[in-house]
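S.K.: Sharing a model that was predicted from the sequence below.
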Amino acid sequence: MPSSEAGDGGRGAPHAAGLAGADDVVVTATLSKSLGSQGGVVLGPARVVDHLVNAARTFIFDTGLAPAAAGAALAALRLLEREPERAARAREVAADLHARLTAAGLEAVRPDAAVVSVRAPSPEQAVRWAADCRTAGLAVGCFRPPSVPDGISRLRLTARADLSGAEIERAVRVIGETRP
């Protein structure tokens, strides 16, 4: 997704649409995909947030974020404020990764942000593939049912703004060499 659609500096679609901070807009965001932390947030009017804190079963019976995770997300936000070009660079890296993976004959989903997924033949093969990648020094995520619908098990790669062309090429090589 071009940076103008994602919000300049990675600020997201509400910012790009001129709705960020509006009194009647509620936004949910993942801290794991966007800021390299964990968990997620709901941003909106105080009355909505208060209602969720007091009435949403999924919130009430969930564990709060660890202070370290909240601190990591805050540090990432501050970094993006100082260096907004990092968001665009992460999307460029994801697009490059996608192009190289598909050129290598792998079925990869065109990214609209920094996450690129590669289709695996089966859940069992996805697990083995991810383990083989890790053994070769490449950490990848592995998604299979029930976290995704049947028939779409995938490896999941997260592009970072600081990855070099050589690191991207190595990732593609490892994924290709360990392919089931």
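M.R.: Received, thanks. Residues are numbered from 1 along each chain as shown.

S.K.: Show residues contacting the host helix or strand of Leu52.
M.R.: Using DSSP states H and E, Leu52 sits within helix 46-55. With contact meaning C-beta atoms under 8 Å, 6 or more residues apart in numbering, helix 46-55 is reached by Val26, Val42, Leu43, Phe59, Ile60. (Glycine included, C-beta is placed from N, CA and C.)

S.K.: what's the closest non-adjacent residue to the second one?
M.R.: So the one you mean is Val42. Of all residues not flanking Val42 in the chain, Thr28 sits nearest, at 5.4 Å (C-beta to C-beta, 6 or more residues apart in numbering).

S.K.: Bridge partners for Gly40, pull those for me.
M.R.: Applying DSSP bridges to Gly40 yields these beta-bridge partners: Thr30.

S.K.: Pull out the buried positions in the helix or strand where Val172 lies.
M.R.: Using DSSP H and E, Val172 sits in helix 165-177. Going by neighbour count (16 or more other C-beta atoms under 10 Å), the buried part of helix 165-177 is Ile168, Ala171, Val172, Val174, Ile175.

S.K.: same question, stretch 142-157
M.R.: Applying 16+ other C-beta under 10 Å to stretch 142-157 flags Cys142, Phe143, Arg144, Ser153, Arg154, Leu155, Arg156, Leu157 as buried.

S.K.: Stretch 92-109 now?
M.R.: In stretch 92-109, the ones that count as buried by 16+ other C-beta under 10 Å are 92-98, 100-102, 106, 108-109.

S.K.: what two of those residues have the greatest distance between them?
M.R.: Glu92 and Leu106 (19.4 Å; C-beta to C-beta).

S.K.: picking that back up, so for the helix holding Leu52, mean pLDDT?
M.R.: The pLDDT scores in helix 46-55 average 88.

S.K.: Ok, stretch 90-101 next?
M.R.: Rounded mean pLDDT across stretch 90-101 is 95.
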